[in-house]
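> Build me a model:
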Amino acid sequence: MKALVLKSTGNLYRLCTEKGELIQGRLAGKVRLDARKSTNPVVVGDSVEITVESDEALITAIHPRKNYIIRKSLNLSKQTHILAANLDQAILLATLVAPRTSTGFIDRFLATAEAYRIPAIIIFNKTDILDKELKKMQRELIDMYSDIGYTCFAISSLEKKDVEKVKKLLKDKVTLLSGHSGTGKSTLINAIQPGLTLKTGNISDVHLKGKHTTTFSELHKLDGGGYIIDTPGIKELGLVEMKKEEVGHYFPEFRALMHDCRFNTCTHTHEPGCAVLKALEEGKIYEERYHNYLGILSGDETDWKAWE
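Purely as a prediction, here's the structure:
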(Lines give C-alpha, C1' and ligand atoms only; values in the text may rest on other atoms or scores of the structure.)
Protein backbone atom coordinates (compact mmCIF):
# COMPACT_ATOMS: atom_id res chain seq x y z
CA MET A 1 0.00 0.00 0.00
CA LYS A 2 1.24 3.50 -0.84
CA ALA A 3 1.33 6.32 1.71
CA LEU A 4 2.44 9.93 1.92
CA VAL A 5 4.77 11.06 4.71
CA LEU A 6 3.15 13.97 6.54
CA LYS A 7 5.56 14.33 9.45
CA SER A 8 8.83 12.85 10.62
CA THR A 9 9.76 12.92 14.31
CA GLY A 10 12.88 10.90 14.88
CA ASN A 11 12.02 7.25 14.20
CA LEU A 12 8.26 7.82 14.04
CA TYR A 13 6.37 8.92 10.96
CA ARG A 14 2.86 10.25 10.47
CA LEU A 15 1.45 8.81 7.26
CA CYS A 16 -1.61 9.26 5.07
CA THR A 17 -2.63 6.17 3.13
CA GLU A 18 -4.10 6.12 -0.37
CA LYS A 19 -7.53 5.79 1.27
CA GLY A 20 -6.97 8.99 3.24
CA GLU A 21 -6.42 7.21 6.56
CA LEU A 22 -3.92 8.65 9.05
CA ILE A 23 -1.57 6.16 10.66
CA GLN A 24 1.68 6.11 12.60
CA GLY A 25 4.62 4.29 11.05
CA ARG A 26 8.17 3.14 11.59
CA LEU A 27 10.96 2.31 9.19
CA ALA A 28 11.44 -1.40 8.53
CA GLY A 29 14.99 -2.52 9.21
CA LYS A 30 15.37 -4.13 5.79
CA VAL A 31 14.78 -0.87 3.88
CA ARG A 32 17.75 0.06 1.74
CA LEU A 33 18.52 3.66 2.59
CA ASP A 34 20.00 6.34 0.37
CA ALA A 35 23.80 6.18 0.34
CA ARG A 36 23.95 9.93 0.95
CA LYS A 37 24.86 10.88 4.52
CA SER A 38 21.51 12.30 5.51
CA THR A 39 20.26 12.58 9.08
CA ASN A 40 16.73 11.74 7.93
CA PRO A 41 16.38 8.87 5.44
CA VAL A 42 12.59 9.28 5.18
CA VAL A 43 11.32 12.84 4.82
CA VAL A 44 8.12 14.84 4.62
CA GLY A 45 6.69 14.60 1.12
CA ASP A 46 8.10 11.13 0.47
CA SER A 47 5.91 8.53 -1.21
CA VAL A 48 6.45 5.21 0.55
CA GLU A 49 5.25 1.62 0.51
CA ILE A 50 3.86 0.33 3.79
CA THR A 51 2.51 -2.83 5.38
CA VAL A 52 0.08 -2.41 8.25
CA GLU A 53 0.43 -4.44 11.43
CA SER A 54 -2.22 -3.75 14.10
CA ASP A 55 -2.42 0.06 14.43
CA GLU A 56 1.07 0.75 13.12
CA ALA A 57 2.60 0.74 9.67
CA LEU A 58 6.01 -0.45 8.61
CA ILE A 59 7.68 1.53 5.82
CA THR A 60 9.11 -1.10 3.51
CA ALA A 61 10.26 1.03 0.55
CA ILE A 62 10.81 4.66 -0.42
CA HIS A 63 9.78 5.64 -3.95
CA PRO A 64 12.27 7.69 -6.01
CA ARG A 65 12.05 11.43 -5.35
CA LYS A 66 11.49 13.87 -8.20
CA ASN A 67 13.40 16.46 -6.15
CA TYR A 68 14.21 17.56 -2.61
CA ILE A 69 15.65 20.56 -0.81
CA ILE A 70 18.61 20.03 1.46
CA ARG A 71 20.92 21.79 3.89
CA LYS A 72 23.84 20.91 6.12
CA SER A 73 22.98 19.24 9.39
CA LEU A 74 23.21 21.70 12.28
CA ASN A 75 25.10 19.33 14.56
CA LEU A 76 27.10 17.11 12.22
CA SER A 77 28.96 19.11 9.60
CA LYS A 78 29.62 16.08 7.38
CA GLN A 79 25.97 15.11 7.26
CA THR A 80 23.01 16.68 5.53
CA HIS A 81 19.39 17.26 6.44
CA ILE A 82 16.63 17.07 3.84
CA LEU A 83 13.85 19.56 4.56
CA ALA A 84 11.25 17.97 2.25
CA ALA A 85 10.84 16.03 -0.99
CA ASN A 86 8.67 15.96 -4.13
CA LEU A 87 7.99 19.70 -4.24
CA ASP A 88 6.24 21.76 -6.89
CA GLN A 89 7.61 25.02 -5.51
CA ALA A 90 9.41 26.57 -2.55
CA ILE A 91 8.47 29.85 -0.89
CA LEU A 92 10.97 31.80 1.19
CA LEU A 93 9.24 34.04 3.71
CA ALA A 94 11.62 36.93 4.41
CA THR A 95 11.44 39.99 6.65
CA LEU A 96 13.49 43.19 6.82
CA VAL A 97 13.02 43.55 10.58
CA ALA A 98 12.17 41.36 13.56
CA PRO A 99 14.11 39.39 12.34
CA ARG A 100 16.06 40.62 9.34
CA THR A 101 16.68 38.26 6.44
CA SER A 102 19.94 39.05 4.64
CA THR A 103 20.27 38.84 0.86
CA GLY A 104 23.08 36.35 1.45
CA PHE A 105 20.58 33.97 3.02
CA ILE A 106 18.03 34.63 0.29
CA ASP A 107 20.56 33.91 -2.45
CA ARG A 108 21.67 30.67 -0.81
CA PHE A 109 18.05 29.56 -0.63
CA LEU A 110 17.46 30.46 -4.27
CA ALA A 111 20.64 28.67 -5.39
CA THR A 112 19.62 25.54 -3.48
CA ALA A 113 16.19 25.58 -5.11
CA GLU A 114 17.78 26.12 -8.55
CA ALA A 115 20.14 23.20 -7.97
CA TYR A 116 17.23 20.82 -7.47
CA ARG A 117 15.03 22.46 -10.13
CA ILE A 118 12.43 23.67 -7.67
CA PRO A 119 10.70 26.93 -8.68
CA ALA A 120 11.30 29.49 -5.92
CA ILE A 121 9.20 32.44 -4.76
CA ILE A 122 10.24 35.19 -2.34
CA ILE A 123 7.57 36.78 -0.16
CA PHE A 124 8.49 39.66 2.15
CA ASN A 125 6.27 39.64 5.23
CA LYS A 126 5.43 42.22 7.93
CA THR A 127 4.95 45.20 5.63
CA ASP A 128 2.67 46.63 8.32
CA ILE A 129 5.61 47.38 10.64
CA LEU A 130 8.01 48.95 8.13
CA ASP A 131 8.92 52.62 8.21
CA LYS A 132 9.42 54.71 5.07
CA GLU A 133 13.12 53.88 4.72
CA LEU A 134 12.57 50.12 5.10
CA LYS A 135 9.71 50.18 2.61
CA LYS A 136 12.05 51.80 0.09
CA MET A 137 14.68 49.09 0.76
CA GLN A 138 12.04 46.40 0.37
CA ARG A 139 10.89 47.87 -2.95
CA GLU A 140 14.48 47.83 -4.23
CA LEU A 141 14.89 44.16 -3.26
CA ILE A 142 11.59 43.21 -4.89
CA ASP A 143 12.64 45.05 -8.05
CA MET A 144 16.01 43.27 -8.08
CA TYR A 145 14.66 39.74 -7.66
CA SER A 146 11.75 40.37 -10.03
CA ASP A 147 14.19 41.66 -12.64
CA ILE A 148 16.20 38.45 -12.32
CA GLY A 149 13.03 36.49 -12.99
CA TYR A 150 11.75 35.42 -9.57
CA THR A 151 8.19 35.89 -8.40
CA CYS A 152 8.64 38.32 -5.53
CA PHE A 153 6.21 40.51 -3.62
CA ALA A 154 5.39 41.86 -0.15
CA ILE A 155 2.52 41.06 2.22
CA SER A 156 1.22 41.42 5.71
CA SER A 157 -0.14 38.10 6.94
CA LEU A 158 -2.66 40.16 8.94
CA GLU A 159 -4.29 41.47 5.75
CA LYS A 160 -6.95 39.24 4.20
CA LYS A 161 -6.26 40.41 0.62
CA ASP A 162 -2.58 39.51 1.02
CA VAL A 163 -3.41 36.07 2.39
CA GLU A 164 -5.71 35.46 -0.58
CA LYS A 165 -2.85 36.35 -2.93
CA VAL A 166 -0.69 33.67 -1.34
CA LYS A 167 -3.56 31.16 -1.43
CA LYS A 168 -3.72 31.45 -5.21
CA LEU A 169 -0.04 30.49 -5.45
CA LEU A 170 -0.62 27.36 -3.37
CA LYS A 171 -3.64 25.92 -5.17
CA ASP A 172 -3.12 22.30 -6.25
CA LYS A 173 0.63 22.40 -5.57
CA VAL A 174 2.98 20.93 -2.98
CA THR A 175 4.72 23.96 -1.51
CA LEU A 176 7.59 24.24 0.95
CA LEU A 177 7.36 27.33 3.16
CA SER A 178 10.68 28.24 4.70
CA GLY A 179 12.59 31.07 6.33
CA HIS A 180 14.13 32.20 9.62
CA SER A 181 12.25 31.72 12.89
CA GLY A 182 10.06 34.73 13.53
CA THR A 183 9.27 35.63 9.92
CA GLY A 184 5.65 34.57 10.44
CA LYS A 185 5.39 31.19 8.72
CA SER A 186 2.97 29.66 11.22
CA THR A 187 0.90 32.86 11.38
CA LEU A 188 0.58 32.86 7.59
CA ILE A 189 -0.38 29.18 7.44
CA ASN A 190 -3.00 29.73 10.16
CA ALA A 191 -4.45 32.56 8.07
CA ILE A 192 -4.51 30.35 4.98
CA GLN A 193 -5.94 27.30 6.78
CA PRO A 194 -7.45 28.54 10.08
CA GLY A 195 -8.38 25.09 11.37
CA LEU A 196 -4.72 24.13 11.79
CA THR A 197 -4.14 26.55 14.70
CA LEU A 198 -0.36 26.17 14.50
CA LYS A 199 1.59 27.49 17.46
CA THR A 200 3.04 30.95 16.95
CA GLY A 201 5.73 32.69 18.97
CA ASN A 202 7.01 36.11 19.90
CA ILE A 203 10.23 37.78 18.85
CA SER A 204 13.09 37.86 21.34
CA ASP A 205 13.44 41.46 22.56
CA VAL A 206 17.16 41.02 23.11
CA HIS A 207 18.30 40.11 19.60
CA LEU A 208 15.11 40.57 17.56
CA LYS A 209 15.37 36.93 16.56
CA GLY A 210 12.51 34.52 16.22
CA LYS A 211 11.83 31.77 18.71
CA HIS A 212 11.32 28.31 17.25
CA THR A 213 7.65 27.27 17.28
CA THR A 214 7.89 24.49 14.67
CA THR A 215 10.17 21.61 15.67
CA PHE A 216 9.72 19.26 12.74
CA SER A 217 8.72 19.75 9.11
CA GLU A 218 5.06 18.90 8.58
CA LEU A 219 2.85 18.62 5.50
CA HIS A 220 -0.67 20.06 5.74
CA LYS A 221 -3.50 19.51 3.27
CA LEU A 222 -5.22 22.71 2.14
CA ASP A 223 -8.96 23.03 1.63
CA GLY A 224 -8.33 25.08 -1.51
CA GLY A 225 -6.29 22.25 -3.04
CA GLY A 226 -2.66 21.33 -2.58
CA TYR A 227 -0.35 20.92 0.38
CA ILE A 228 1.90 23.26 2.33
CA ILE A 229 4.97 22.10 4.22
CA ASP A 230 5.79 24.10 7.35
CA THR A 231 9.47 23.87 8.27
CA PRO A 232 11.41 24.73 11.43
CA GLY A 233 13.01 28.17 11.24
CA ILE A 234 16.32 27.84 9.43
CA LYS A 235 19.30 29.49 11.10
CA GLU A 236 21.87 28.14 8.70
CA LEU A 237 21.73 27.20 5.03
CA GLY A 238 25.17 25.99 4.07
CA LEU A 239 25.11 24.68 0.53
CA VAL A 240 25.94 21.03 -0.08
CA GLU A 241 26.39 18.76 -3.08
CA MET A 242 27.77 21.65 -5.18
CA LYS A 243 31.13 22.04 -6.86
CA LYS A 244 32.54 25.56 -7.13
CA GLU A 245 32.41 25.56 -10.92
CA GLU A 246 28.71 24.63 -10.74
CA VAL A 247 27.51 27.40 -8.41
CA GLY A 248 27.22 29.98 -11.20
CA HIS A 249 24.70 27.74 -12.96
CA TYR A 250 22.32 28.36 -10.06
CA PHE A 251 22.32 32.14 -10.55
CA PRO A 252 19.94 32.62 -13.53
CA GLU A 253 21.49 35.92 -14.64
CA PHE A 254 24.94 34.26 -14.72
CA ARG A 255 23.60 31.18 -16.48
CA ALA A 256 22.24 33.32 -19.31
CA LEU A 257 25.76 34.61 -20.07
CA MET A 258 27.93 31.54 -19.53
CA HIS A 259 27.95 30.42 -23.15
CA ASP A 260 29.97 33.58 -23.93
CA CYS A 261 32.71 32.82 -21.38
CA ARG A 262 36.04 31.82 -22.92
CA PHE A 263 36.44 28.78 -20.63
CA ASN A 264 33.86 26.08 -19.93
CA THR A 265 35.11 25.79 -16.34
CA CYS A 266 34.95 29.54 -15.70
CA THR A 267 34.30 30.43 -12.05
CA HIS A 268 33.54 34.06 -12.95
CA THR A 269 36.10 35.38 -10.50
CA HIS A 270 39.33 36.14 -12.40
CA GLU A 271 39.34 34.35 -15.77
CA PRO A 272 40.05 36.34 -18.96
CA GLY A 273 37.15 36.47 -21.38
CA CYS A 274 34.55 36.01 -18.64
CA ALA A 275 31.14 37.23 -19.80
CA VAL A 276 29.84 37.48 -16.24
CA LEU A 277 32.67 39.76 -15.10
CA LYS A 278 32.16 41.90 -18.20
CA ALA A 279 28.43 42.21 -17.42
CA LEU A 280 29.30 43.14 -13.82
CA GLU A 281 31.60 45.92 -15.01
CA GLU A 282 28.86 47.19 -17.31
CA GLY A 283 26.31 47.24 -14.49
CA LYS A 284 24.19 44.50 -16.05
CA ILE A 285 24.53 42.23 -13.01
CA TYR A 286 23.61 43.31 -9.48
CA GLU A 287 26.72 43.83 -7.34
CA GLU A 288 24.96 42.49 -4.25
CA ARG A 289 24.15 39.22 -5.98
CA TYR A 290 27.72 38.89 -7.22
CA HIS A 291 29.04 39.59 -3.71
CA ASN A 292 26.81 36.82 -2.34
CA TYR A 293 27.99 34.50 -5.11
CA LEU A 294 31.61 35.09 -4.03
CA GLY A 295 30.57 34.38 -0.43
CA ILE A 296 29.21 30.99 -1.48
CA LEU A 297 32.41 30.15 -3.36
CA SER A 298 34.64 31.11 -0.43
CA GLY A 299 32.46 29.50 2.22
CA ASP A 300 32.25 32.87 3.97
CA GLU A 301 29.22 32.87 6.24
CA THR A 302 29.53 36.38 7.69
CA ASP A 303 27.21 37.95 5.14
CA TRP A 304 24.26 35.71 5.94
CA LYS A 305 24.73 34.03 9.31
CA ALA A 306 24.79 37.31 11.26
CA TRP A 307 21.01 37.39 11.18
CA GLU A 308 20.26 33.93 12.63
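
> Please make it C-alpha for all contacts and neighbour counts, starting now.
Noted.

> Please, where are all the strands along this structure?
For the chain, strands defined by DSSP state E occupy the ranges 2-9, 12-17, 22-27, 47-53, 56-62, 68-72, 80-85, 89-94, 120-124, 151-154, 174-178, 218-221, 227-230.

> Show me the contact partners of the fourth one.
With contacts defined as Cα atoms under 8 Å, 6 or more residues apart in numbering, strand 47-53 is touched by 1-5, 57-63, 65.

> Pull the most distant pair out of those residues.
Farthest pair in the contacts of strand 47-53 (Cα to Cα) is 57 and 65. Separation: 20.7 Å.

> Look at these two and report which has more neighbours.
When residue 57 and residue 65 are compared on other Cα atoms under 10 Å, the one with more neighbours turns out to be residue 57, at 22 against 12.

> Buried only: go through the contacts of strand 47-53 for me.
Buried subset of the contacts of strand 47-53 (neighbour count, 16 or more other Cα atoms under 10 Å): 2, 3, 4, 5, 57, 58, 59, 60, 61, 62.

> Phi, psi for residue 88 please.
With angles defined as degrees, to the nearest 10, residue 88 sits at phi -90, psi -30.

> That one and residue 222: what is the separation?
Counting by Cα to Cα, to the nearest Å, the gap from residue 88 to residue 222 is 15 Å.

> and the strands of the chain, which one's lowest on average pLDDT?
Lowest mean pLDDT of these: strand 68-72, a mean of 80.

> surely residue 279 meets residue 290?
No. Residue 279 is not in contact with residue 290 according to Cα atoms under 8 Å; the separation is 10.7 Å.

> Which of the two has more residues huddled nearby?
residue 290 (20 against 15).

> Can you list the buried residues in stretch 268-288?
If you call a residue buried by 16+ other Cα under 10 Å, then stretch 268-288 has these buried ones: 268, 274, 275, 276, 277, 278, 285.

> just to revisit the earlier point, need the contacts of strand 47-53 in JSON lines (columns: distance to residue 163).
Below are the contacts of strand 47-53 laid out as JSON lines (distance: Cα to Cα, whole Å):
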{"residue": "1", "distance to residue 163": "36"}
{"residue": "2", "distance to residue 163": "33"}
{"residue": "3", "distance to residue 163": "30"}
{"residue": "4", "distance to residue 163": "27"}
{"residue": "5", "distance to residue 163": "26"}
{"residue": "57", "distance to residue 163": "37"}
{"residue": "58", "distance to residue 163": "38"}
{"residue": "59", "distance to residue 163": "36"}
{"residue": "60", "distance to residue 163": "39"}
{"residue": "61", "distance to residue 163": "38"}
{"residue": "62", "distance to residue 163": "35"}
{"residue": "63", "distance to residue 163": "34"}
{"residue": "65", "distance to residue 163": "30"}
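
> Let me know the closest of these to residue 232.
residue 5 (16.6 Å).

> my read: the closest one touches residue 18, true?
No. Look at residue 5 against residue 18 with Cα under 8 Å: they stay out of range, at 11.4 Å.
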